[in-house]
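Visitor: Got a predicted model here, sequence first, then my questions.
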Amino acid sequence: MLTAAFMIFLALVAACLVLGKPVAWALLGGLAVFWLLGLRLGFTNAQLWEMAWEKCKKSLIVVSVIALIGVITGLWRVSGTIAFCIVRGVELVTPGLFLFIAFLLCAALSYVLGTSYGVSSTMGVILMALARSGGVSPAVTAGVVLSGVYFGDRCSPASSAAILVAAVTETDLYRNVRQMLKTAALPTLLTLGAYLLLSFRHPITAVDETVLASLRGGFSISWTALLPAAVMFLLPLFKTPIKLAMCASIACAAVLACTVQGFSPAEVLSAAWGGYHPADPTLSAVLGGGGVTSMTASYVIVLLAGLYSGVLEGTGALEPLSGRAEALAGRIGRFPAMTGISVLTSAILCNQAVASIMVQQLMGRTYASREELAMDIENSVILIAGLIPWSIACSIPLSMLGSGPEALPYALLLWLIPACYLFTKKRFYP
(Lines give C-alpha, C1' and ligand atoms only; values in the text may rest on other atoms or scores of the structure.)
Protein backbone atom coordinates (compact mmCIF):
# COMPACT_ATOMS: atom_id res chain seq x y z
CA MET A 1 0.00 0.00 0.00
CA LEU A 2 2.80 2.40 0.91
CA THR A 3 4.59 1.88 -2.40
CA ALA A 4 1.36 2.37 -4.35
CA ALA A 5 0.65 5.61 -2.46
CA PHE A 6 4.09 7.01 -3.24
CA MET A 7 3.78 6.03 -6.91
CA ILE A 8 0.41 7.77 -7.20
CA PHE A 9 1.79 10.91 -5.60
CA LEU A 10 4.84 10.98 -7.88
CA ALA A 11 2.58 10.46 -10.88
CA LEU A 12 0.50 13.46 -9.79
CA VAL A 13 3.65 15.59 -9.49
CA ALA A 14 4.83 14.48 -12.93
CA ALA A 15 1.42 15.25 -14.43
CA CYS A 16 1.46 18.78 -12.98
CA LEU A 17 4.94 19.43 -14.35
CA VAL A 18 4.09 18.10 -17.81
CA LEU A 19 0.76 19.95 -18.03
CA GLY A 20 2.14 23.16 -16.56
CA LYS A 21 -0.26 23.11 -13.62
CA PRO A 22 0.63 24.38 -10.13
CA VAL A 23 2.37 21.67 -8.09
CA ALA A 24 0.03 22.54 -5.23
CA TRP A 25 -2.55 20.35 -6.97
CA ALA A 26 -0.18 17.38 -6.69
CA LEU A 27 0.39 18.14 -3.02
CA LEU A 28 -3.37 18.26 -2.44
CA GLY A 29 -3.75 14.94 -4.22
CA GLY A 30 -0.86 13.51 -2.21
CA LEU A 31 -2.55 14.57 1.02
CA ALA A 32 -5.70 12.70 -0.04
CA VAL A 33 -3.69 9.59 -0.97
CA PHE A 34 -1.77 9.46 2.30
CA TRP A 35 -4.92 10.24 4.27
CA LEU A 36 -6.60 7.19 2.70
CA LEU A 37 -3.49 5.17 3.51
CA GLY A 38 -3.82 6.24 7.15
CA LEU A 39 -7.45 5.09 7.20
CA ARG A 40 -6.44 1.73 5.75
CA LEU A 41 -3.85 1.40 8.52
CA GLY A 42 -6.61 1.75 11.12
CA PHE A 43 -6.41 5.42 12.11
CA THR A 44 -9.57 7.50 12.44
CA ASN A 45 -10.22 10.78 10.66
CA ALA A 46 -9.90 12.61 13.99
CA GLN A 47 -6.49 11.03 14.68
CA LEU A 48 -5.26 11.84 11.17
CA TRP A 49 -6.41 15.45 11.47
CA GLU A 50 -4.62 15.81 14.80
CA MET A 51 -1.40 14.48 13.20
CA ALA A 52 -1.75 16.77 10.19
CA TRP A 53 -2.62 19.89 12.19
CA GLU A 54 0.30 19.38 14.57
CA LYS A 55 2.71 19.82 11.65
CA CYS A 56 0.62 22.46 9.93
CA LYS A 57 0.74 24.71 13.03
CA LYS A 58 4.52 24.78 12.73
CA SER A 59 4.18 25.63 9.04
CA LEU A 60 2.25 28.79 9.98
CA ILE A 61 5.49 30.25 11.34
CA VAL A 62 7.08 29.78 7.92
CA VAL A 63 4.02 31.31 6.24
CA SER A 64 4.34 34.45 8.37
CA VAL A 65 7.98 34.85 7.33
CA ILE A 66 7.07 34.37 3.67
CA ALA A 67 4.37 37.04 4.01
CA LEU A 68 6.90 39.50 5.46
CA ILE A 69 9.23 38.74 2.56
CA GLY A 70 6.38 39.52 0.17
CA VAL A 71 5.84 42.89 1.87
CA ILE A 72 9.55 43.65 1.62
CA THR A 73 9.69 42.88 -2.08
CA GLY A 74 6.81 45.30 -2.64
CA LEU A 75 8.01 48.15 -0.42
CA TRP A 76 11.64 48.02 -1.50
CA ARG A 77 10.28 48.89 -4.93
CA VAL A 78 8.32 51.99 -3.88
CA SER A 79 10.97 53.16 -1.39
CA GLY A 80 13.47 53.52 -4.25
CA THR A 81 15.82 50.89 -2.77
CA ILE A 82 15.84 48.67 -5.84
CA ALA A 83 15.83 51.65 -8.20
CA PHE A 84 18.91 53.03 -6.45
CA CYS A 85 20.71 49.70 -6.68
CA ILE A 86 19.90 49.33 -10.37
CA VAL A 87 21.17 52.79 -11.26
CA ARG A 88 24.28 52.70 -9.08
CA GLY A 89 24.85 49.02 -9.68
CA VAL A 90 24.97 49.46 -13.44
CA GLU A 91 27.61 52.10 -12.86
CA LEU A 92 29.70 50.02 -10.43
CA VAL A 93 29.47 46.40 -11.58
CA THR A 94 32.11 45.34 -14.08
CA PRO A 95 30.05 44.19 -17.08
CA GLY A 96 32.22 41.16 -17.81
CA LEU A 97 32.20 39.93 -14.19
CA PHE A 98 28.56 40.41 -13.24
CA LEU A 99 27.67 36.76 -12.54
CA PHE A 100 30.96 36.12 -10.75
CA ILE A 101 30.41 39.12 -8.47
CA ALA A 102 26.73 38.21 -7.96
CA PHE A 103 27.70 34.80 -6.58
CA LEU A 104 30.30 36.29 -4.22
CA LEU A 105 27.85 38.89 -2.91
CA CYS A 106 25.12 36.33 -2.22
CA ALA A 107 27.53 33.81 -0.69
CA ALA A 108 29.08 36.38 1.66
CA LEU A 109 25.75 37.82 2.75
CA SER A 110 24.11 34.43 3.25
CA TYR A 111 27.02 33.31 5.41
CA VAL A 112 26.53 36.35 7.64
CA LEU A 113 22.74 36.10 7.85
CA GLY A 114 22.31 32.33 7.54
CA THR A 115 19.13 32.58 5.50
CA SER A 116 18.45 31.72 1.88
CA TYR A 117 15.03 33.41 1.97
CA GLY A 118 16.31 36.68 3.42
CA VAL A 119 19.12 37.02 0.88
CA SER A 120 16.94 35.92 -2.06
CA SER A 121 14.34 38.54 -1.17
CA THR A 122 16.85 41.36 -0.82
CA MET A 123 20.17 41.05 -2.60
CA GLY A 124 18.71 38.45 -4.96
CA VAL A 125 15.88 40.73 -6.03
CA ILE A 126 18.35 43.54 -6.64
CA LEU A 127 20.64 41.36 -8.73
CA MET A 128 17.73 40.05 -10.77
CA ALA A 129 16.62 43.61 -11.44
CA LEU A 130 20.15 44.45 -12.55
CA ALA A 131 20.23 41.40 -14.81
CA ARG A 132 16.91 42.21 -16.45
CA SER A 133 17.83 45.85 -16.99
CA GLY A 134 21.27 44.87 -18.32
CA GLY A 135 20.29 42.14 -20.74
CA VAL A 136 21.67 39.19 -18.74
CA SER A 137 19.71 35.93 -18.81
CA PRO A 138 17.31 35.88 -15.83
CA ALA A 139 17.55 32.06 -15.69
CA VAL A 140 21.35 32.10 -15.44
CA THR A 141 21.29 34.91 -12.88
CA ALA A 142 18.67 33.15 -10.74
CA GLY A 143 20.80 29.99 -10.76
CA VAL A 144 23.85 31.98 -9.67
CA VAL A 145 21.87 33.63 -6.86
CA LEU A 146 20.50 30.25 -5.73
CA SER A 147 24.06 28.90 -5.52
CA GLY A 148 25.13 31.89 -3.47
CA VAL A 149 22.25 31.86 -0.99
CA TYR A 150 22.70 28.14 -0.33
CA PHE A 151 26.39 28.60 0.44
CA GLY A 152 25.39 30.29 3.69
CA ASP A 153 22.10 28.43 4.23
CA ARG A 154 24.17 25.25 4.43
CA CYS A 155 27.20 26.27 6.48
CA SER A 156 26.52 29.50 8.37
CA PRO A 157 26.46 29.21 12.20
CA ALA A 158 23.29 31.31 12.03
CA SER A 159 21.57 28.94 9.59
CA SER A 160 18.47 27.17 10.87
CA ALA A 161 19.36 24.21 8.63
CA ALA A 162 22.81 23.87 10.19
CA ILE A 163 21.37 24.20 13.69
CA LEU A 164 18.68 21.60 12.92
CA VAL A 165 21.20 19.06 11.59
CA ALA A 166 23.46 19.54 14.62
CA ALA A 167 20.45 18.98 16.90
CA VAL A 168 19.08 15.83 15.24
CA THR A 169 22.55 14.24 14.97
CA GLU A 170 23.63 15.46 18.45
CA THR A 171 26.84 17.00 17.12
CA ASP A 172 28.68 20.26 17.72
CA LEU A 173 27.47 23.06 15.44
CA TYR A 174 30.79 24.85 15.09
CA ARG A 175 32.70 21.66 14.36
CA ASN A 176 30.14 20.92 11.67
CA VAL A 177 30.61 24.40 10.22
CA ARG A 178 34.38 23.91 9.98
CA GLN A 179 33.89 20.57 8.24
CA MET A 180 31.33 22.05 5.89
CA LEU A 181 33.72 24.80 4.87
CA LYS A 182 36.40 22.19 4.17
CA THR A 183 34.12 19.97 2.11
CA ALA A 184 32.84 23.01 0.19
CA ALA A 185 36.30 24.34 -0.73
CA LEU A 186 36.78 22.41 -3.99
CA PRO A 187 33.21 22.75 -5.31
CA THR A 188 33.21 26.47 -4.46
CA LEU A 189 36.42 26.99 -6.46
CA LEU A 190 34.94 25.05 -9.38
CA THR A 191 31.75 27.11 -9.13
CA LEU A 192 33.70 30.37 -9.15
CA GLY A 193 35.62 29.24 -12.24
CA ALA A 194 32.42 28.29 -14.05
CA TYR A 195 30.73 31.57 -13.17
CA LEU A 196 33.78 33.48 -14.35
CA LEU A 197 33.40 31.82 -17.75
CA LEU A 198 29.63 32.40 -17.75
CA SER A 199 30.25 36.05 -16.91
CA PHE A 200 32.24 36.43 -20.11
CA ARG A 201 29.42 34.78 -22.08
CA HIS A 202 26.65 36.75 -20.34
CA PRO A 203 28.01 40.25 -19.68
CA ILE A 204 25.78 43.17 -18.88
CA THR A 205 25.30 44.93 -22.18
CA ALA A 206 24.74 48.65 -22.54
CA VAL A 207 21.54 49.34 -20.64
CA ASP A 208 18.86 51.18 -22.54
CA GLU A 209 19.14 54.76 -21.30
CA THR A 210 15.36 54.99 -21.28
CA VAL A 211 15.37 52.55 -18.35
CA LEU A 212 17.82 54.60 -16.32
CA ALA A 213 16.02 57.81 -17.33
CA SER A 214 12.69 56.35 -16.17
CA LEU A 215 14.20 55.28 -12.87
CA ARG A 216 15.80 58.66 -12.26
CA GLY A 217 12.59 60.40 -13.23
CA GLY A 218 10.36 58.18 -11.12
CA PHE A 219 12.49 58.00 -7.98
CA SER A 220 14.84 60.04 -5.88
CA ILE A 221 18.14 58.21 -6.39
CA SER A 222 19.86 59.09 -3.11
CA TRP A 223 21.82 57.11 -0.54
CA THR A 224 18.88 57.27 1.87
CA ALA A 225 17.18 54.67 -0.34
CA LEU A 226 19.64 52.11 1.01
CA LEU A 227 18.35 52.44 4.57
CA PRO A 228 15.80 49.56 4.33
CA ALA A 229 18.56 47.28 3.03
CA ALA A 230 20.99 48.45 5.70
CA VAL A 231 18.43 47.75 8.43
CA MET A 232 17.72 44.30 7.02
CA PHE A 233 21.39 43.40 6.73
CA LEU A 234 22.75 44.90 9.95
CA LEU A 235 20.15 44.08 12.61
CA PRO A 236 20.70 40.30 12.46
CA LEU A 237 24.40 40.90 13.12
CA PHE A 238 23.31 42.17 16.55
CA LYS A 239 21.28 38.99 17.18
CA THR A 240 17.97 40.64 16.29
CA PRO A 241 15.41 37.96 15.33
CA ILE A 242 14.95 37.87 11.57
CA LYS A 243 11.22 38.68 11.74
CA LEU A 244 11.91 41.83 13.77
CA ALA A 245 14.62 42.83 11.30
CA MET A 246 12.14 42.36 8.45
CA CYS A 247 9.52 44.48 10.23
CA ALA A 248 12.06 47.24 10.83
CA SER A 249 13.06 47.18 7.16
CA ILE A 250 9.39 47.32 6.15
CA ALA A 251 8.76 50.33 8.42
CA CYS A 252 11.83 52.12 7.09
CA ALA A 253 10.83 51.46 3.47
CA ALA A 254 7.27 52.67 4.09
CA VAL A 255 8.51 55.94 5.61
CA LEU A 256 10.91 56.53 2.71
CA ALA A 257 8.20 55.75 0.14
CA CYS A 258 5.93 58.42 1.66
CA THR A 259 8.44 61.11 2.65
CA VAL A 260 11.12 60.82 -0.06
CA GLN A 261 9.51 59.13 -3.05
CA GLY A 262 6.14 60.88 -2.78
CA PHE A 263 3.81 57.87 -2.59
CA SER A 264 0.62 58.17 -0.56
CA PRO A 265 -0.02 55.84 2.40
CA ALA A 266 -2.73 54.12 0.36
CA GLU A 267 -0.28 53.47 -2.48
CA VAL A 268 2.27 52.09 -0.03
CA LEU A 269 -0.30 49.72 1.46
CA SER A 270 -1.30 48.64 -2.04
CA ALA A 271 2.32 47.88 -2.92
CA ALA A 272 2.75 45.91 0.30
CA TRP A 273 -0.29 43.77 -0.46
CA GLY A 274 -0.48 43.47 -4.25
CA GLY A 275 2.94 44.71 -5.34
CA TYR A 276 4.12 47.74 -7.28
CA HIS A 277 2.67 48.08 -10.78
CA PRO A 278 3.73 51.38 -12.36
CA ALA A 279 1.88 52.70 -15.40
CA ASP A 280 5.17 53.35 -17.22
CA PRO A 281 5.86 50.09 -19.15
CA THR A 282 9.60 50.70 -18.91
CA LEU A 283 9.45 50.89 -15.12
CA SER A 284 7.02 47.99 -14.95
CA ALA A 285 9.42 45.71 -16.83
CA VAL A 286 12.17 46.38 -14.28
CA LEU A 287 10.33 47.04 -11.00
CA GLY A 288 6.86 45.56 -11.34
CA GLY A 289 5.84 42.88 -8.84
CA GLY A 290 6.27 41.95 -5.20
CA GLY A 291 3.75 42.11 -2.40
CA VAL A 292 2.03 39.60 -0.14
CA THR A 293 -0.11 38.15 -2.93
CA SER A 294 2.95 37.37 -5.07
CA MET A 295 3.80 34.58 -2.64
CA THR A 296 0.41 32.81 -2.77
CA ALA A 297 1.78 29.63 -4.33
CA SER A 298 4.41 29.42 -1.60
CA TYR A 299 1.80 29.72 1.17
CA VAL A 300 -0.23 26.86 -0.31
CA ILE A 301 2.82 24.61 -0.75
CA VAL A 302 4.01 25.20 2.82
CA LEU A 303 0.61 24.47 4.37
CA LEU A 304 -0.09 21.36 2.28
CA ALA A 305 3.42 20.01 2.86
CA GLY A 306 2.92 20.48 6.60
CA LEU A 307 -0.41 18.64 6.55
CA TYR A 308 0.64 15.53 4.69
CA SER A 309 4.09 15.26 6.28
CA GLY A 310 2.24 15.17 9.61
CA VAL A 311 0.11 12.28 8.35
CA LEU A 312 3.18 10.36 7.15
CA GLU A 313 5.05 10.82 10.40
CA GLY A 314 2.11 10.17 12.68
CA THR A 315 1.01 6.94 11.01
CA GLY A 316 4.54 5.53 10.94
CA ALA A 317 4.12 4.87 7.24
CA LEU A 318 7.85 5.30 6.61
CA GLU A 319 8.99 2.75 9.18
CA PRO A 320 9.16 -0.16 6.69
CA LEU A 321 11.53 1.89 4.56
CA SER A 322 14.16 2.11 7.29
CA GLY A 323 15.30 -1.48 6.78
CA ARG A 324 15.44 -0.99 3.03
CA ALA A 325 17.56 2.14 3.49
CA GLU A 326 20.04 0.24 5.64
CA ALA A 327 20.22 -2.57 3.08
CA LEU A 328 20.82 -0.06 0.29
CA ALA A 329 23.65 1.57 2.27
CA GLY A 330 25.23 -1.85 2.72
CA ARG A 331 25.23 -2.43 -1.03
CA ILE A 332 26.28 0.92 -2.51
CA GLY A 333 27.74 2.86 0.44
CA ARG A 334 26.34 5.27 2.98
CA PHE A 335 26.64 8.56 1.10
CA PRO A 336 25.33 7.27 -2.26
CA ALA A 337 22.38 5.78 -0.36
CA MET A 338 21.93 9.03 1.56
CA THR A 339 21.89 10.96 -1.73
CA GLY A 340 19.28 8.72 -3.32
CA ILE A 341 17.07 8.81 -0.23
CA SER A 342 17.51 12.59 -0.03
CA VAL A 343 16.09 12.95 -3.53
CA LEU A 344 13.05 10.85 -2.61
CA THR A 345 12.35 12.50 0.76
CA SER A 346 12.83 16.01 -0.62
CA ALA A 347 10.52 15.24 -3.53
CA ILE A 348 7.86 13.65 -1.35
CA LEU A 349 7.98 15.90 1.71
CA CYS A 350 8.70 19.15 -0.19
CA ASN A 351 10.38 20.53 2.90
CA GLN A 352 14.07 20.80 3.73
CA ALA A 353 13.67 20.53 7.49
CA VAL A 354 11.26 17.58 7.49
CA ALA A 355 13.34 15.77 4.85
CA SER A 356 16.47 16.25 6.99
CA ILE A 357 14.76 14.70 10.00
CA MET A 358 13.41 11.87 7.86
CA VAL A 359 16.76 10.87 6.33
CA GLN A 360 18.28 10.90 9.82
CA GLN A 361 15.54 8.52 10.98
CA LEU A 362 15.96 6.25 7.96
CA MET A 363 19.77 6.22 7.82
CA GLY A 364 20.94 7.00 11.37
CA ARG A 365 21.51 3.40 12.41
CA THR A 366 23.96 2.80 9.54
CA TYR A 367 26.46 5.38 10.88
CA ALA A 368 28.95 4.74 13.68
CA SER A 369 30.05 8.39 13.63
CA ARG A 370 27.50 11.12 14.32
CA GLU A 371 29.82 13.71 12.76
CA GLU A 372 29.90 11.73 9.51
CA LEU A 373 26.10 11.45 9.59
CA ALA A 374 25.78 15.21 10.07
CA MET A 375 28.14 15.94 7.18
CA ASP A 376 26.42 13.49 4.86
CA ILE A 377 23.07 15.19 5.56
CA GLU A 378 24.57 18.65 5.00
CA ASN A 379 26.13 17.55 1.71
CA SER A 380 23.00 15.85 0.41
CA VAL A 381 19.48 16.66 1.54
CA ILE A 382 20.15 20.28 2.57
CA LEU A 383 21.29 21.05 -1.00
CA ILE A 384 19.17 18.57 -2.94
CA ALA A 385 15.99 20.08 -1.46
CA GLY A 386 17.00 23.31 -3.21
CA LEU A 387 16.97 21.50 -6.56
CA ILE A 388 13.47 19.99 -6.31
CA PRO A 389 11.19 22.46 -8.16
CA TRP A 390 8.13 21.82 -5.95
CA SER A 391 10.08 21.83 -2.66
CA ILE A 392 9.64 25.03 -0.69
CA ALA A 393 13.44 25.19 -0.39
CA CYS A 394 13.50 25.75 -4.15
CA SER A 395 10.11 27.21 -5.04
CA ILE A 396 10.18 30.05 -2.51
CA PRO A 397 13.59 31.51 -3.48
CA LEU A 398 12.78 31.15 -7.20
CA SER A 399 9.40 32.81 -6.62
CA MET A 400 11.15 35.73 -4.94
CA LEU A 401 13.53 35.99 -7.88
CA GLY A 402 10.77 35.81 -10.46
CA SER A 403 12.22 32.70 -12.05
CA GLY A 404 11.35 29.03 -12.45
CA PRO A 405 12.98 25.59 -12.82
CA GLU A 406 14.90 26.79 -15.87
CA ALA A 407 17.37 28.34 -13.39
CA LEU A 408 18.28 25.05 -11.70
CA PRO A 409 20.95 23.84 -14.19
CA TYR A 410 22.90 27.02 -13.36
CA ALA A 411 22.75 26.52 -9.56
CA LEU A 412 26.15 24.87 -9.85
CA LEU A 413 27.16 24.80 -6.18
CA LEU A 414 24.11 22.70 -5.29
CA TRP A 415 25.19 20.08 -7.82
CA LEU A 416 28.94 20.22 -7.25
CA ILE A 417 29.06 19.82 -3.46
CA PRO A 418 27.36 16.37 -3.47
CA ALA A 419 29.30 15.31 -6.59
CA CYS A 420 32.71 16.36 -5.24
CA TYR A 421 32.00 14.95 -1.79
CA LEU A 422 31.13 11.60 -3.32
CA PHE A 423 34.69 11.29 -4.65
CA THR A 424 36.59 13.06 -1.85
CA LYS A 425 34.75 11.81 1.25
CA LYS A 426 37.50 9.34 2.17
CA ARG A 427 39.81 12.28 2.82
CA PHE A 428 37.52 13.49 5.59
CA TYR A 429 36.07 10.18 6.85
CA PRO A 430 38.50 7.37 5.86
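Guide: Nice, I can see it.
Visitor: Next, the contact list for residue 380, please.
Guide: By CB atoms under 8 Å, 6 or more residues apart in numbering, the residues touching residue 380 are 335, 338-339, 342, 359, 418. In short, each C-beta sits where N, CA and C put it, glycine included.
Visitor: neighbours of residue 243, just the number please.
Guide: 12 (other CB atoms under 10 Å).
Visitor: Make sure it is actually in contact with residue 68.
Guide: Yes. The pair residue 243 / residue 68 is scored as a contact, 6.4 Å apart, by CB atoms under 8 Å.
Visitor: Surely residue 22 forms part of a strand?
Guide: No. Assessed with DSSP: H, G, I helix; E, B strand; the rest coil, residue 22 is coil; it does not lie in a strand.
Visitor: now it, nearest residue through space, not along the chain?
Guide: Among residues not flanking residue 22 along the chain, residue 297 sits closest, at 6.1 Å (CB to CB, 6 or more residues apart in numbering).
Visitor: can you tell me which residues contact that neighbour?
Guide: By CB under 8 Å, 6+ apart, the contact set of residue 297 is 22, 24, 395, 399.
Visitor: From residue 221, how far out is it?
Guide: Distance check for residue 297 against residue 221: by CB to CB, to the nearest Å, it reads 33 Å.
Visitor: So what's the predicted local confidence for residue 349?
Guide: pLDDT for residue 349: 69.
Visitor: Identify the farthest-apart pair in the contacts of residue 380.
Guide: Of all pairs drawn from the contacts of residue 380, the widest gap by CB to CB lies between 359 and 418 and measures 13.1 Å.
Visitor: hey, where'd the helices end up in the stretch 51-200 of the chain?
Guide: With DSSP state H, counting those that start in this stretch, the ranges of helices along the stretch 51-200 of the chain come out as 81-92, 98-113, 116-119, 125-134, 138-155, 160-169, 173-201.
Visitor: Which one, of those, ends up nearest to residue 306?
Guide: Judging those by CB to CB, what sits closest to residue 306 is helix 160-169, at 15.6 Å.
Visitor: residues of the helix or strand residue 298 falls within that come out buried?
Guide: Using DSSP states H and E, residue 298 maps to helix 296-315. Using 16 or more other CB atoms under 10 Å as the test for burial, helix 296-315 gives 297-315.
Visitor: now residue 147: how far from residue 412?
Guide: Remark: distance between residue 147 and residue 412 (CB to CB) = 6 Å.
Visitor: neighbour-wise, which of the two wins?
Guide: Neighbour comparison, residue 147 and residue 412: the larger count goes to residue 147, with 30 against 22 (by other CB under 10 Å).
Visitor: And residue 359 and residue 418? Which one has more around it.
Guide: Taking neighbours as other CB under 10 Å, residue 359 and residue 418 compare with residue 359 leading, 28 against 22.
Visitor: Name all residues that make contact with that one.
Guide: Residue 359 neighbours (CB under 8 Å, 6+ apart): 338, 341-342, 345, 377, 380-381.
Visitor: Let me know the average pLDDT across stretch 100-109.
Guide: The pLDDT scores in stretch 100-109 average 87.
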